[in-house]
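Undergrad: generate coordinates for the sequence data below:
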Amino acid sequence: MSALMNSTLTRGDCRRWAMTANEREERLRTMESAARRFRALGKRCLTGFLNTYKAFQALIDFPELLGYVSSNSIYMRNTLASKPVTLGELLTNNFDSQPSTNAGSWIGRTLLNLANLSLLASISALLLWLFLGETDLGMAPVLILLATVAVLWWLLNRSARTHKQHFLLRNDRQGFMRELRLDEKTAVFDGSNIYHLGHKHGLDAQPLGEVVDLLRSQRYRIVCFFDANIFYTLGKHGAFSSGTRHSLAMLESIFGLKKDEIYVVPSGVQADKYILECLNYLPISFAVSNDKYRDYAHKYPSVMKDNLWRKGVKISGDEIKLLQHRIQ
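TA: Alright, predicted model coming up:
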């Protein structure tokens with residue numbers, strides 16, 4: 001009897017051990033399956049992240065791509081020319097080739113890259129969440145959140161690209177400075193200065209308009225800089241009624257300028273810096289101003305190296321003369 005009981009216990013133990021082995025094998029298969037799913041999920045996450053980055057980068061570059069393709073002259077210059085032909089090409093090359101050693105700039109770039117990476121990771125995670133369908137919130141809230149994060153990422157990249165530009169291009173609201181040719185003779189006007197001269201002699205906008213017409217007839221490219229307070233000054237002098245909304249068309253009408261000849265500098269800065277910076281990069285150019293810019297002589301010695309870089313305007317009675325300029 002004792003032997004039989006021992007034999008029964010032994011068979012029971014064998015069954016229990018067999019069940020334990022089966023459970024272990026099942027658990028092992030479950031773990032291997034989970035590992036495969038985890039690896040597949042990681043691969044999908046990485047692929048989704050890279051595809052999202054490429055898609056949004058293409059979205060950011062799309063307007064530039066359209067402009068590049070639509071202009072054959074720009075295409076030929078960028079692909080065949082060894083030297084920059086336009087002011088935009090020159091400023092972009094010079095600005096990109098100047099490394100910033102400022103610690104603040106380095107920290108700013110690092111924070112920008114971290115924010116960019118975080119937003120891209122969020123976009124990828126939301127897209128993966130939608131694809132897997134593992135959300136109890138419904139499609140609409142997730143899509144709204146995805147759109148919000150995508151817009152934030154686009155604005156962040158747009159702001160970063162804007163601040164990488166030279167200030168002459170960054171603050172050009174009309175966008176014509178980029179296309180100024182380096183081999184084209186250009187007259188750079190200090191519009192506010194010449195206007196104040198005309199107002200002092202009771203002629204207001206007439207001197208500026210006449211000198212612009214003169215140089216334009218001689219095939220000079222006109223670039224006219226105004227201080228930000230030009231609208232306030234014109235309104236104060238009665239050029240337009242109070243309450244009139246300020247617009248570029250007002251300057252076109254008052255001074256006889258074209259839209260792609262007017263550059264109003266941002267508030268808080270003087271047009272002097274913009275004028276001299278423009279002369280510094282345009283090899284065939286001169287300024288039209290009665291201001292001698294003595295405060296900037298130490299910064300722009302190459303611009304002010306002779307007497308031909310600036311031509312003044314003289315008013316004698318009703319006669320308006322452009323000094324040091326020969327009628328061609």
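
Undergrad: when you work out contacts or count neighbours from here on, use the C-alpha atoms and nothing else.
TA: Fine.

Undergrad: show me the strands in the stretch 151-300 of the chain, by range?
TA: Secondary structure of the stretch 151-300 of the chain (DSSP state E, counting those that start in this stretch): strands at 186-190, 221-226, 262-264, 285-288.

Undergrad: now the angle from the first one to strand 221-226?
TA: Calculated by axes from the mean of the first three to the mean of the last three CA atoms, to 10 degrees, strand 186-190 forms an angle of 10 degrees with strand 221-226.

Undergrad: just checking, what packs against strand 186-190?
TA: Judged by 3 or more CA pairs under 8 Å, 6 or more residues apart in numbering; DSSP states H and E, strand 186-190 is in contact with strand 221-226, helix 271-281, strand 285-288.

Undergrad: show me the shaky parts of the stretch 51-200 of the chain.
TA: 51-82, 94-106, 108-109, 112, 129-130, 132-139, 142, 153, 156-164 (pLDDT under 70).

Undergrad: which stretches of the stretch 201-328 of the chain have low pLDDT?
TA: Looking at the stretch 201-328 of the chain by pLDDT under 70, you get 327-328.

Undergrad: and residue 288, how many neighbours?
TA: Using other CA atoms under 10 Å, the number of residues around residue 288 comes to 25.

Undergrad: that one contacts residue 187, correct?
TA: Yes. Residue 288 lies in contact with residue 187 (CA atoms under 8 Å); the separation is 6.8 Å.

Undergrad: who's in contact with residue 287?
TA: The contact partners of residue 287, taken as CA atoms under 8 Å, 6 or more residues apart in numbering, are 187-190, 275, 279, 309-311.

Undergrad: relative to residue 190, how far out is it?
TA: Residue 287 is 7 Å from residue 190, where distance means CA to CA, to the nearest Å.

Undergrad: give me the common contacts of the two.
TA: Common neighbours of residue 287 and residue 190 are listed as residue 275 (criterion: CA under 8 Å, 6+ apart).

Undergrad: pretty sure residue 267 contacts residue 230?
TA: No. The criterion here is CA under 8 Å, and residue 267 misses it with residue 230 at 10.4 Å.

Undergrad: re the thing from before, closest one of the contacts of residue 287 to residue 126?
TA: Nearest to residue 126 out of the contacts of residue 287 is residue 275 (CA to CA; 48.8 Å).

Undergrad: ok, residue 246 - how many residues close by?
TA: The number of residues packed near residue 246 is 12, by other CA under 10 Å.
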